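# Just the structure for this:
(one chain, ligands or ions: 3)
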Amino acid sequence: MTNTTQEPMPLILAIDDDETIHLILDEILGREDFEVLSASNGKAGLEMFRQRRPDLLLLDVMMPQMDGFACLEALRAMPGTQLVPIVMLTGADDVDSIHRCFELGATDFIAKPINWPILPYRLRYLIRANQALANLARSESVLRNAQKIAHLGNWDWEINTDRITCSNQVFKVLGLTPWEFHGHRQDLFKTVHPAEIFRLHQALELSKKHGHAFSLEIRAIHDDQTVHVVQIQGETELQEGLGLMVHGTVQDITERRNIEEKVRFLSYYDPLTGLPNRNLFKEILGKAINHCDHHQTMLAGLFIGIDRFKRINETLGPSVGDGILQLFADRMMQVMHNSDYLAEGKEADNSEATVSRLGGNEFTMMLMNIRDMHDSVKVINHILKALETPFNVEGHEIYLSIYIGIAVYPGDGPNVDDFIKNGEFAMNHAHKQGQNVYQFFSKSLNVAAFHRLSMENDLRRAIERDELILHYQPKIDLKRNQVVGMEALVRWQHPDLGLVSPAQFIPIAEDSGLIVPISEWVISTACNQLRAWQREKLPPLIVAVNVSAVQFRHKGFLQSLRTTLETIGLAPEGLKLELTESILLDDFSEAFITLCELRSMGIQISIDDFGTGYSSLAYLKKLPISELKIDRSFIRDIPNSVDDMTIVSAIICLAKTLSLDVVAEGVETEQQLNFLDQHGCDMVQGYFFSRPLVPQEFVRFVRDFERGDKKCDY
Ligand code: C2E
Ligand code: MG
Ligand code: MG
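Numbering: from 1, shown residues only. Ligands and ions are numbered 1, 2, ... in the order given. Prediction:
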């Protein structure tokens, strides 16, 4: 027998006190490509074993000093010797020794006298069998480790006996202790969530009856009450002798599910506010649109932008910006939950997911099953009402205003993308119109909304019912560092809709002619207020009132003004009228006459929103005006827009050349203020100093300002 393979030569250690045995072994085994080590007593043998780690041991039972038993015992006590075959050399009839050796861990026995020709085969066989055993043990341990790492266990169900056997890992995965298990199904699956146990048994029964393979995901509740997600799989096999078997695995996939959940969260939710992001909003909207199609219902999407958000971020820092977004999200959720619209208990699927953050300062609110525009307007007014309370972030008290675009399904876009595009279009349109303004995507809906609400009728009664109010926004003279006047801005405290902004109802008032009585009310209220403040000895102030085109051209305009001033007893110098360029230019000669008349009465004229119209030097020179009011769209992007800064400084120069006062409106930041001051702007108005205020607050503001504790009013 020659060693034809490349295997290393097997190493045999023979421990025997008989020298002859050693000589023969050397001769015979050497020829057969074994390497033989010889030790003539137990002690020397143990030492040699320790040093060389042979593949097999031949151990004589009968030796002086340390006999074979003692040596065997010592060998088996050495770590790592369990799998080394130890072959005992005994006398043929020495059954007691054989028995004892076996107990002590001997692998095999060779009787003396030794049958030399078959010895090499016997040893080779033992070594091979042992190697196979070692390999098996190794691969079992690898498998066990792999299963442990993968939290995977395997089980086998023998259908004939209805008994299950399983690996230890199964107990770990299912949260059981091995002694709780006696081979029965109900023991094995007793930690499975009650809601899922039926499904599992059903799958097992089906595989038993029809040989179906199955894969289920169930929850197992462990002793410590932790819930684990477990995947159970099974396959059937017909085994000879055993009949039908179902082989299966259980695997704890909780961690994987958690990671998947995290990934899903990140790709579907905005981490800052926890609201659905654009992706998820699109999914929700898609489902909602289907719902509308099936049930013939309507939905409205409110696309909400936070005004001046970029500026808040820039001036107060991103952490304040983040805080604002979080609080804003909370408030939107509160509105969602508290709105009457929702409280009416419609079947709509008003899940929390209906408020989303599309990105940056843009949010959406989706209103399912609305009956008409009224519903969305009502919710909007709840939103506006919620924003009347300031947001407190890191010690700053911040008021937010918003702009809202509304898209309605069906009508404003046949699919998700178009619907969003149109909603955002309406939102951007609303942004251009001012603060707290909303805009329907479809013009007809804009009009319809208001007609539905019988806005006109309501407006007609608004004056009698005392629903109109004026807010006053201070105007600061920068050189004198003093409050020199205020702009009166009208609001409508609607009984259902809350505070309605002038941008919303002035156009209706103009269309319906209601602007005339409304304007008369505004002028007389503003003049009365100023007169009252004069009596209260507030510093000298000029009140500015906005005049609309219809009012300006109305025949009774001048006469009504005269009467009002006389009745109240206010000197006309205390009143300033704000007109837009278009009012003057549409019918220049008419306008010119009216302006001259006003001037002669002593009333001052300011050109509002200057820069957005013709801004022609020719007419400016001719007209009897006293002030230019730079439109806030030019102030907004200072100091980022070089163009705007150039325009603003040019308007200031122009005003100086024509000896007109110049006011900047919409001043929100210190940088804007400094820029305007450096370029010689006389007066400013805007949130930096104050928002429009109710009369009592205005008085407080003037007093505080006089004392020098003015503050930035975001
Ligand atoms: P306007 O005359 O240009 O008024 C300035 C608008 O800008 C006001 O909006 C004011 O609240 C807002 N504003 C003031 N400072 C800032 C600021 O720092 N940042 C921002 N983003 N906005 C600021 P409001 O009160 O909503 O009025 C909108 C428009 O409605 C007014 O524009 C005016 O054209 C009209 N309006 C207001 N009251 C009356 C009125 O009694 N009669 C008429 N005919 N129109 C009025
Ligand atoms: Mg104005
Ligand atoms: Mg203006």
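
# nearest spatial neighbour of the residue of the stretch 201-350 of the chain found nearest ligand 2, skipping sequence neighbours?
Nearest residue of the stretch 201-350 of the chain to ligand 2, counting by Cβ to the ion: Asp307, 17.4 Å away. Just so you know, the C-beta spots here come from the backbone N, C-alpha and C atoms, and that holds for glycine as well. If the residues on either side of it in the chain are set aside, Asp307 comes closest to Ser401, at 4.3 Å by Cβ to Cβ, 6 or more residues apart in numbering.

# Quick one: residues contacting the one you found.
Counting by Cβ atoms under 8 Å, 6 or more residues apart in numbering, Ser401 makes contact with Ile306, Asp307, Arg308, Leu387, Gln435, Asn436.

# Just put these in a markdown table and tack on distance to Gly680 and secondary structure.
Putting the contacts of Ser401 into a markdown table (distance: Cβ to Cβ, whole Å; DSSP: H, G, I helix; E, B strand; the rest coil) gives the following:
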| residue | distance to Gly680 | secondary structure |
| --- | --- | --- |
| Ile306 | 33 | strand |
| Asp307 | 28 | coil |
| Arg308 | 25 | coil |
| Leu387 | 36 | coil |
| Gln435 | 28 | coil |
| Asn436 | 32 | coil |
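
# tell me the least confident of these?
Here the lowest pLDDT out of the contacts of Ser401 sits on Gln435, with 75.

# Surely that residue touches Leu499?
No - the pair Gln435 / Leu499 is not scored as a contact, 11.9 Å apart, by Cβ atoms under 8 Å.

# quick one, strands of the stretch 201-350 of the chain?
Taking DSSP state E, counting those that start in this stretch, the strands of the stretch 201-350 of the chain run over residues 214-221, 227-239, 243-252, 298-306.

# For those strands, state which one has the densest average packing.
Across the strands of the stretch 201-350 of the chain, averaging neighbours per residue (mean count of other Cβ atoms under 10 Å) puts strand 298-306 on top, at a mean of 24.

# Now do that strand: which elements does it pack against?
Where contact means 3 or more Cβ pairs under 8 Å, 6 or more residues apart in numbering; DSSP states H and E, strand 298-306 is packed against helix 278-295, helix 318-338, strand 362-370, helix 373-386, strand 402-409, helix 416-433.

# Low-confidence ranges, the stretch 551-700 of the chain, go.
For the stretch 551-700 of the chain, residues meeting the criterion pLDDT under 70 lie at 613-616.

# Ignoring the adjacent residues along the chain, who's closest to Glu394?
Using Cβ to Cβ, 6+ apart, the closest residue to Glu394 is Val320 (5.5 Å).

# mind checking pLDDT for that neighbour?
At Val320, pLDDT is 92.

# same deal with Tyr341?
For Tyr341, the predicted pLDDT is 55.

# repeat for Gly80
79.

# Which of the three states applies to it?
coil (DSSP: H, G, I helix; E, B strand; the rest coil).

# Pull the number of nearby residues for it.
7 (other Cβ atoms under 10 Å).

# Surely Leu302 is in contact with Leu367?
Yes - at 7.0 Å, Leu302 and Leu367 qualify as touching, with contact defined as Cβ under 8 Å.

# overlap in contacts of these two?
Ser376, Val379.

# follow-up on the earlier one: count the residues that sit near the residue of the stretch 201-350 of the chain closest to ligand 2.
Using other Cβ under 10 Å: Asp307 sits among 21 other residues.

# distance of it from Gln504?
Asp307 sits at a distance of 15 Å from Gln504 (criterion: Cβ to Cβ, to the nearest Å).

# try Glu196
Counting by Cβ to Cβ - Glu196 and Gln504 are separated by 55 Å.

# quick one, which of these two is more surrounded?
Gln504 (23 against 17).

# Surely the more buried one is within a strand?
No - with three-state DSSP as the criterion, Gln504 is assigned helix and is not in a strand.

# in the sheet, who's paired with the closest residue to it other than its chain neighbours?
Nearest non-adjacent residue to Gln504, counting by Cβ to Cβ, 6+ apart: Val437, 6.7 Å away. With DSSP bridges as the criterion, Val437 is bridged to Tyr403.

# Correct me if wrong: Val437 contacts Gly405.
No - the pair Val437 / Gly405 is not scored as a contact, 9.8 Å apart, by Cβ under 8 Å.

# Would you enumerate the residues in contact with the residue nearest in space to the middle of the chain?
The C-alpha lying nearest the average C-alpha coordinate of the chain belongs to Asp270 (Cα atoms, centre = their mean; 1.9 Å). By Cβ under 8 Å, 6+ apart, the contact set of Asp270 is Pro276, Asn277, Ser356, Arg357.

# Neighbour-wise, give me the winner out of those.
Ser356 (28 neighbours).

# mind checking the SS state of that one?
strand.

# try Asp33
coil.

# Report the secondary structure element holding the residue lying closest to Leu658 once chain neighbours are set aside.
Nearest residue to Leu658, sequence neighbours excluded (Cβ to Cβ, 6+ apart): Leu620, at 5.9 Å. Here Leu620, judged by DSSP states H and E, is contained in helix 617-622.

# Could you check that helix and say which residues are buried?
Going by neighbour count (16 or more other Cβ atoms under 10 Å), the buried part of helix 617-622 is Tyr619, Leu620.

# swap in stretch 109-124?
Phe109, Ile110, Lys112, Ile114, Leu119, Pro120, Leu123, Arg124.

# Now do that stretch: everything it contacts.
Contacts for stretch 109-124 (Cβ under 8 Å, 6+ apart): 1, 10, 12, 21, 24, 28-29, 32, 34, 56, 58, 87-92, 98, 101, 108.

# Give me the distance between the two termini of it.
The first and last residues of stretch 109-124 sit 14 Å apart, counting by Cα to Cα, to the nearest Å.

# Likewise for stretch 680-699?
First-to-last residue span, stretch 680-699, Cα to Cα: 28 Å.

# got it, and stretch 49-56?
Stretch 49-56 end-to-end distance (Cα to Cα) = 10 Å.

# Tell me the gap between that stretch and the middle of its chain.
From the chain centre to the centre of stretch 49-56 is a distance of 64 Å (Cα atoms, centre = their mean, to the nearest Å).

# Now for the chain, the helix or strand with the poorest mean pLDDT.
helix 340-343 (a mean of 50; mean pLDDT, DSSP states H and E).

# Derive a PyMOL selection command for the buried subset of the contacts of stretch 109-124.
Here is the PyMOL command that selects the buried residues among the contacts of stretch 109-124 (16+ other Cβ under 10 Å):
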select buried, resi 10+12+21+28+29+32+34+56+58+87+88+89+90+98+101+108
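
# and the angle for the helix ranked longest in the chain with strand 243-252?
In the chain, taking DSSP state H as the definition, the longest helix is helix 119-149. Angle, helix 119-149 to strand 243-252, by axes from the mean of the first three to the mean of the last three Cα atoms, to 10 degrees: 50 degrees.
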